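[1] Sequence and predicted structure below; questions after.
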Amino acid sequence: MPTIRDNLKALRISNGLSQNEVADAINVTRQTVSSYETGRMEPDLETLKRLAEVYNADIHDVLYGSNRKLRKMKYLRWIAFGISAVLLLSLLIHSTLFLVSNTVFVIRAGTRVTQENRTLIETRFALRDVADTVARIGVRIFSIGCLVLVYPLITMRKICPPKKVILWLLGLIVSMFITTVPFMLSDKIYGYATYFLPVLNVLPCIILIFLVSVVQICLSKK
């Protein structure tokens with residue numbers, strides 16, 4: 001169960017405030033605010049009420065962490081985590097199946113068509129079909145999830161800090177390379193485009209969220 005110190009930190013972050021800003025609002029030092037959030041000091045009841053006002057919450061939210069903003073922030077994080085996990089898993093399965101079909105079920109040029117070879121060919125193309133289907137499902141789920149996130153990113157900048165969103169995107173791009181590049185380099189039959197096509201399909205959504213975050217950062221500086 002979250003403690004008061006956890007709730008204070010989560011409420012401050014969800015409101016997009018720094019410890020210095022909170023300290024100025026309640027007339028204490030930044031170190032004091034930091035001590036509240038780490039548990040080194042316990043704020044008295046009056047201070048808790050003042051913190052609740054600064055965070056647009058009530059005392060119940062401070063004590064038990066049931067603030068609507070906190071719940072929204074958790075939901076959005078879970079959506080981002082979920083669609084990222086689905087996408088990366090689908091890319092990993094796609095890359096693995098393609099590599100297996102190109103290394104284990106190899107059809108040499110000039111090979112005569114026999115019953116055994118026919119089974120080999122059918123298995124090979126079945127693996128490719130499964131790989132493509134899995135990749136399409138992963139890309140579609142990720143794309144829909146990104147569209148769901150666009151509105152909160154635009155309207156709830158304090159709940160979804162743009163800089164953290166950009167860090168999420170950068171981490172996702174690195175992870176996509178990790179789940180595709182090693183397989184591409186190991187495949188001596190198919191070109192890189194075969195493995196990298198699902199990545200290219202999600203780039204428009206990634207670019208969209210990146211641009212929204214950049215605009216949010218620019219607006220906050222004005």
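    Now that the structure is in, tell me what you want to look at.

[2] show me the contacts for the residue positioned nearest the centre of the chain.
    Taking CA atoms, centre = their mean as the criterion, Ala80 is the residue nearest the geometric centre of the chain, at 3.9 Å. Going by CB atoms under 8 Å, 6 or more residues apart in numbering, Ala80 touches 145, 149, 168. C-beta here means a position set from N, CA and C on the backbone, and glycine is covered the same way.

[3] Burial check on Thr29, number of neighbours?
    12 (other CB atoms under 10 Å).

[4] got the contacts of Ala80 as CSV, with distance to Thr47, secondary structure and pLDDT columns?
    Output for the contacts of Ala80, formatted as CSV (distance: CB to CB, whole Å; DSSP: H, G, I helix; E, B strand; the rest coil; pLDDT from 0 to 100):
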residue, distance to Thr47, secondary structure, pLDDT
Gly145, 40, helix, 94
Leu149, 35, helix, 89
Trp168, 34, helix, 93
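
[5] Out of those, who's the most crowded?
    The contacts of Ala80, ranked by neighbours (other CB under 10 Å): first place Leu149, 20 neighbours.

[6] Find the nearest non-adjacent residue to it, please.
    Among residues not flanking Leu149 along the chain, Ile79 sits closest, at 6.2 Å (CB to CB, 6 or more residues apart in numbering).

[7] Pass me the low-pLDDT residue ranges in the chain, would you?
    Scanning the chain for pLDDT under 70 picks out 1-2, 65-70, 106-116, 156-160, 220-222.

[8] where along it do the strands fall?
    With DSSP state E, there are no strands along the chain.

[9] what about the closest residue to Thr96 other than its chain neighbours, distance to Arg136?
    With sequence-adjacent residues excluded and distances taken as CB to CB, 6+ apart, Thr96 is closest to Phe183, at 6.9 Å. To Arg136, Phe183 is 18 Å away according to CB to CB, to the nearest Å.

[10] Check Thr123 too.
    For Thr123, the distance to Arg136 - CB to CB - is 21 Å.

[11] how about the helices in the chain?
    Per DSSP state H, the chain carries helices over the ranges 4-14, 19-26, 30-38, 45-54, 59-64, 68-103, 115-155, 162-178, 181-186, 192-220.

[12] other SSEs contacting the longest one?
    Counting contacts by 3 or more CB pairs under 8 Å, 6 or more residues apart in numbering; DSSP states H and E, the secondary-structure elements packed against helix 115-155 are helix 68-103, helix 192-220.

[13] returning to what we had before: next up, the contacts around the residue nearest to Leu149.
    Contacts of Ile79 (CB under 8 Å, 6+ apart): 145, 148-149.

[14] likewise Gly191?
    Residues in contact with Gly191 (CB under 8 Å, 6+ apart): none are found.

[15] ok, the closest residue to Leu91 other than its chain neighbours to Leu167 distance?
    Spatial nearest neighbour of Leu91, excluding adjacent residues (CB to CB, 6+ apart): Thr179 at 4.4 Å. Going from Thr179 to Leu167 by CB to CB gives 19 Å.

[16] same deal with Ile173?
    Here Ile173 is placed at a distance of 11 Å from Leu167 (CB to CB).

[17] In terms of packing, which of the two has more residues around it?
    Neighbours were counted for Ile173 and for Leu167 using other CB under 10 Å; Ile173 has more, 15 against 12.

[18] Spit out the contact partners of the more buried one.
    So Ile173 contacts Ile206 (CB under 8 Å, 6+ apart).

[19] any idea how far it lies from Leu91?
    12 Å.

[20] hang on, the earlier thing: nearest to Thr194 among the contacts of Ala80?
    Among the contacts of Ala80, Gly145 lies closest to Thr194 (CB to CB), at 25.1 Å.
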